[in-house]
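Undergrad: next one to model:
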Amino acid sequence: MNGINLKRILCLFLIFTLGFLGTRCAGTNEELREGPNKLPPKNYVYPSTEINLDKVYDENRGLKVLQENATAVHDYYRGGVQEKEEGETLLKEGKWEEARNHLEKSNQFMHVVLKVLPDDEAQRNIYGDQAVIFLPNLLIADNDLKLITVYKTLGYEDKAAAAKSDGEYYLTESLKTVKTEWADQIKKGFENVLPKK
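TA: Predicted coordinates:
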């Protein structure tokens with residue numbers, strides 16, 4: 001054997017060995033899911049005790065984010081959640097027009113977020129090391145479900161139909177990456193309002 005063939009054989013042996021060791025070290029997704037940073041199974045449905053609107057509100061309370069002061073994605077996300085909470089409070093008080101304004105503003109904030117981060121995540125580090133429930137698609141869907149009632153009450157039937165269409169789209173986008181009982185409740189809500197003709 002000449003020196004060139006021996007070098008080729010050794011090089012191939014080295015590549016094969018490193019490749020084999022790399023696949024052994026990497027492990028499978030299932031092995032990773034069982035490790036210290038457990039990931040849920042692929043089709044895991046987060047129960048309402050883990051992911052719910054109250055937890056989202058709690059994680060985003062604090063200094064109020066104004067649209068003109070928002071500079072980062074997490075500012076827009078926090079601002080959208082804060083506007084949603086205000087809108088929901090006004091909705092419970094029967095202040096339809098004011099609730100509409102806040103829910104629509106919440107959606108505006110979330111649309112900015114989705115331009116940068118289009119996928120929902122059960123947990124996302126957007127505040128440094130602090131993980132938050134990150135569901136911009138689902139929050140828009142929930143807002144749209146509430147807006148259907150608001151629009152119908154205010155006599156905006158066309159806007160109610162558009163909100164249903166938009167909300168169902170964002171619900172579908174959310175379910176592509178995160179499955180939650182909350183999303184199932186929103187889906188049932190859409191099925192019960194403005195039934196298809």
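Undergrad: count the residues that sit near Asp166.
TA: 16 (other C-beta atoms under 10 Å). In short, each C-beta sits where N, CA and C put it, glycine included.
Undergrad: and the next element down the chain from the helix or strand harbouring it?
TA: Using DSSP states H and E, Asp166 sits in helix 157-175. The helix or strand immediately downstream of helix 157-175 is strand 179-180, counting by DSSP H and E.
Undergrad: and the helix holding Asp166, average pLDDT?
TA: Across helix 157-175, pLDDT averages out at 97.
Undergrad: buried stuff in that helix?
TA: Lys159, Ala160, Ala163, Lys164, Asp166, Gly167, Glu168, Tyr170, Leu171, Glu173, Ser174, Leu175 (16 or more other C-beta atoms under 10 Å).
Undergrad: what helices or strands is that helix leaning on?
TA: Helices and strands touching helix 157-175, by 3 or more C-beta pairs under 8 Å, 6 or more residues apart in numbering; DSSP states H and E, are helix 136-154, helix 181-192.
Undergrad: one more time with 10 Å
TA: helix 96-116, helix 136-154, helix 181-192 (3 or more C-beta pairs under 10 Å, 6 or more residues apart in numbering; DSSP states H and E).
Undergrad: nearest to Pro40, out of those?
TA: helix 181-192 (13.5 Å; C-beta to C-beta).
Undergrad: how about low-confidence regions in the chain?
TA: The chain contains residues with pLDDT under 70 at 1-38, 127, 194-197.
Undergrad: residues contacting Thr89?
TA: Lys95, Glu98, Ala99, His102 (C-beta atoms under 10 Å, 6 or more residues apart in numbering).
Undergrad: circling back to that earlier point, which of the helices and strands packed on helix 157-175 is buried the deepest?
TA: For the helices and strands packed on helix 157-175, average neighbour numbers computed from mean count of other C-beta atoms under 10 Å are highest in helix 136-154, which has a mean of 23.
Undergrad: alpha carbons of that helix, as CSV, please.
TA: Provided in CSV are the C-alpha atoms of helix 136-154 (Å, rounded to 0.1, in the frame of the first residue of the first chain):
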residue,chain,number,x,y,z
PRO,A,136,-49.5,35.7,20.2
ASN,A,137,-51.6,33.7,17.7
LEU,A,138,-53.8,32.3,20.4
LEU,A,139,-54.3,35.7,22.0
ILE,A,140,-55.4,37.2,18.7
ALA,A,141,-57.9,34.3,18.2
ASP,A,142,-59.2,34.8,21.7
ASN,A,143,-59.5,38.6,21.1
ASP,A,144,-61.4,38.0,17.9
LEU,A,145,-63.8,35.6,19.6
LYS,A,146,-64.6,38.3,22.1
LEU,A,147,-64.8,41.0,19.4
ILE,A,148,-67.5,39.0,17.6
THR,A,149,-69.8,39.5,20.6
VAL,A,150,-68.7,43.2,20.8
TYR,A,151,-69.3,43.8,17.1
LYS,A,152,-72.7,42.1,17.1
THR,A,153,-73.8,44.1,20.1
LEU,A,154,-72.7,47.3,18.4
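Undergrad: appreciated, that's everything.
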